[in-house]
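In: what shape does this take:
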Amino acid sequence: MHPSQPDTDAKALSSLAAWATRYSPWVATASGANGTDGIFLDVTGCTHLFGGEEALLSDLTQRLNDQGLAARAAMTGTLGASWAVARFGEGGVVKEGGEGQALGPLPIRALRLTNHTEQGLIQVGLKRIGDLGKTPRGPITARFGAEPIMRLDQALGRAPEPVTPQAVTEPLRATLRLAEPITQMEAVGEGALRLCAEMEQVLESRGRGARLIRLSLFRVDGDVATLEVGTARPTRDAKHLARLLTERLERAETDLDAGFGYDALALDVIRSDKLLLRQNGLDAADFNDGDLASFVDRAGNRFGWARVRHVHGVESHIPERAVVARPAHVGPPPLDWPEDMCRPMALLPCAEPIEVMAEVPEGPPRTFKWRRVAYRVARAEGPERIAPEWWHDEAARTRDYYRVEDDAGRRFWIFREGLYGRNLTDPRWYMHGLFG
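Out: Numbers count the residues shown, from 1 in each chain. Below you'll find the predicted structure:
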């Protein structure tokens, strides 16, 4: 069992509808009594491209099954009949004019009625669509309103119900066609800069920033070479993107064969994220991390993103489980630590036991010995209590963390595991991290 995630389901269905445009440009998500759980396609004039109605339907269901999606599809002359046959019938193709026969034995709920109307029709004995079709319309409309008759007429093709396709976002692409072929990488770099400047305006109009871009070089003989660069954070800075592409071109120059030259260039944004404008303080004292992001992008594209990582947060209060290192160009931006959370930049690979002397059992340490070296504590802050995650380890114990500084100014992050008088064994002290 998994918790319901309506927003995630709706996003996945929207992506599936965009995928289905391979069969028709008129695609919309289907909604009805069971909620949004399918897609509508108006394939008028498209079926011959796939070998007919049966072939199109078979190809669609097979591709969905290959993606691990259990789907049942129907093709009829109306949206209402297709919705009903797909969910309450056997699916397949219903020839034009055969909607009435196909819908007759199906339950009344196949008409996409509201729950109140559906239950009312069932109570008066109209349990199937065929029963409703045989009943005089006047009494039905007087008692239940126009909804039952309208849905019936839509399913039988007596009333119109056009497909309202979802808005299709234009691909993020910029192209440059050249009057004369070029062979020098410097000229390709200048073309890339022009494409990035054009893409900057497009991204700005959509409020997005690029995370992965691809430069395609079209050779006059039809061959196409592609180069991809990624970014750690969303950006639409044309000069920065062009610099990344230029460095990539310089490294790949020996592998690229311009032949008789390139006569066209194209820049595609493969992945993008929202990019919100950030207001700096009037005193210009705010930290500007643009230089750091630029360095991360250049290092990642030069040495490989597996060697450049960001720290991302995980839903856990246990320090060694609270973060995970991922390639800097994968996932959301890196973790922003809360201002009131003072943690060391790096933890020890494994917490190491230490010997501690304290004035009182529950108090901070006064001296401790770690790796055979004794330290005298000059200052101490804490404790910060972290309860165990019992669903991971029932034997785990409460931790009390202290930030301590010795008389030489060195700062440590240590914790006491367990509470006095509440455990079978005495609490133990551990060294967990060092402050820079």
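In: ok, now how distant is Glu96 from Leu113?
Out: 25 Å (Cβ to Cβ, to the nearest Å). C-betas here are computed from N, CA, C, even on glycine.
In: more neighbours: the two, which one.
Out: Neighbours per residue, other Cβ atoms under 10 Å: of Glu96 and Leu113, the larger number sits with Leu113, 22 against 9.
In: is it fair to say that one lies in a helix?
Out: No. With the criterion set as DSSP: H, G, I helix; E, B strand; the rest coil, the secondary structure at Leu113 is coil rather than a helix.
In: that one against Leu121, yeah?
Out: Yes. The pair Leu113 and Leu121 passes the contact test of Cβ atoms under 8 Å, sitting 7.4 Å apart.
In: overlap in contacts, these two.
Out: Contact criterion Cβ atoms under 8 Å, 6 or more residues apart in numbering; residues bridging Leu113 and Leu121 by contacting each: Pro148.
In: quick one: low-confidence residue ranges for the stretch 301-436 of the chain.
Out: Applying pLDDT under 70 to the stretch 301-436 of the chain flags residues 330-341, 422-424.
In: now do the strands in it.
Out: Counting by DSSP state E, counting those that start in this stretch, residue ranges of the strands within the stretch 301-436 of the chain are 309-313, 323-327, 346-358, 365-370, 373-386, 399-406, 411-417, 428-434.
In: most packed of those strands?
Out: strand 411-417 (a mean of 22; mean count of other Cβ atoms under 10 Å).
In: restricting to C-alpha, output that strand in PDB.
Out: Output of strand 411-417 as PDB, limited to C-alpha atoms (Å, rounded to 0.1, in the frame of the first residue of the first chain):
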ATOM      1  CA  ARG A 411      36.600  22.800  17.700                       C
ATOM      2  CA  PHE A 412      35.000  19.400  17.900                       C
ATOM      3  CA  TRP A 413      31.500  17.900  17.500                       C
ATOM      4  CA  ILE A 414      31.000  15.100  20.100                       C
ATOM      5  CA  PHE A 415      27.900  13.300  21.400                       C
ATOM      6  CA  ARG A 416      26.900  11.200  24.400                       C
ATOM      7  CA  GLU A 417      24.800   8.100  23.300                       C
END
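In: adjacent strands (with direction) for that strand?
Out: Strand 411-417 has the following sheet partners, assigned by DSSP bridges: strand 399-406 (antiparallel), strand 428-434 (antiparallel).
In: could I get these as a markdown table with distance to Met357?
Out: A markdown table is the format used below for the strands paired with strand 411-417 (distance: least, Cβ to Cβ, whole Å):
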| stretch | distance to Met357 |
| --- | --- |
| strand 399-406 | 12 |
| strand 428-434 | 10 |
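In: closest to Ala142 out of those?
Out: Each of the strands paired with strand 411-417 was checked against Ala142 via Cβ to Cβ, and the shortest separation belongs to strand 399-406, namely 71.3 Å.
In: which other residues reach the closest one?
Out: For strand 399-406, the surrounding residues in contact (Cβ under 8 Å, 6+ apart) are 342, 364-365, 368, 375-386, 388, 411-417, 432, 435.
In: how much space separates the residue located most distally from the centre of the chain from Thr367?
Out: Checked against the mean C-alpha position of the chain, the extreme residue using Cα atoms, centre = their mean is Glu359, at a distance of 52.1 Å. Computed as Cβ to Cβ, the Glu359 to Thr367 distance reads 10 Å.
In: any weak-confidence spans in the stretch 101-250 of the chain?
Out: Judged against pLDDT under 70, the low-scoring parts of the stretch 101-250 of the chain cover residues 166-170.
In: helices of that one, residue ranges please.
Out: Using DSSP state H, counting those that start in this stretch, the helices of the stretch 101-250 of the chain run over residues 115-123, 129-134, 137-144, 147-156, 185-206, 238-252.
In: residues contacting Leu57?
Out: Contact analysis of Leu57 by Cβ under 8 Å, 6+ apart lists 73-75, 92-93.
In: check the secondary structure at it for me.
Out: helix.
In: and the pLDDT at it?
Out: According to the predicted model, the pLDDT of Leu57 comes to 93.
In: for the one 5 residues further on, same thing?
Out: Predicted confidence (pLDDT) at Gln62: the value is 91.
In: hang on, the earlier thing: compare the helices of the stretch 101-250 of the chain and give me the one nearest Glu355.
Out: Per Cβ to Cβ, nearest to Glu355 of those: helix 238-252, 51.8 Å.
In: measure Ile213 to Leu178 for me?
Out: Taken as Cβ to Cβ, the span from Ile213 to Leu178 is 20 Å.
In: out of these two, which sits in the more crowded spot?
Out: Neighbour comparison, Ile213 and Leu178: the larger count goes to Ile213, with 25 against 15 (by other Cβ under 10 Å).
In: residues contacting the more buried one?
Out: Taking Cβ under 8 Å, 6+ apart as the criterion, Ile213 is in contact with 199, 228-230, 241, 245, 267-270.
In: how does it look with 6 Å?
Out: If a contact means Cβ atoms under 6 Å, 6 or more residues apart in numbering, then Ile213 has 229, 269 as its contacts.
In: same deal with Arg177?
Out: Listed by Cβ under 6 Å, 6+ apart, the contact set of Arg177 reads Ala264.
In: with Glu96 instead?
Out: Shown here is Glu96, whose contacts under the criterion Cβ under 6 Å, 6+ apart are Gly77.
In: for it, give me phi and psi.
Out: Main-chain dihedrals, Glu96, degrees, to the nearest 10: phi -60, psi 130.
In: now it: how far from Met345?
Out: 70 Å.
In: same check, this time on Tyr420
Out: 31 Å.
In: before we move on, what about Leu275?
Out: Relative to Met345, Leu275 is positioned 27 Å away (criterion: Cβ to Cβ).
In: who has more neighbours out of the two?
Out: Residue environment comparison for Leu275 versus Met345 gives the larger neighbour count to Leu275, 18 against 9, counting by other Cβ under 10 Å.
In: next one: the nearest residue to Val323 once chain neighbours are set aside from Arg298, what distance?
Out: What sits nearest to Val323 in space, not counting adjacent residues and going by Cβ to Cβ, 6 or more residues apart in numbering, is Val311, at 4.8 Å. With distances taken as Cβ to Cβ, Val311 is found 20 Å from Arg298.
In: for Ile386, same thing?
Out: From Ile386 over to Arg298 the distance is 38 Å, taken as Cβ to Cβ.
In: ranges for the strands of the stretch 151-300 of the chain?
Out: Taking DSSP E, counting those that start in this stretch as the criterion, the stretch 151-300 of the chain carries its strands at 173-182, 208-219, 224-235, 262-274.
In: all good on my end, thank you.
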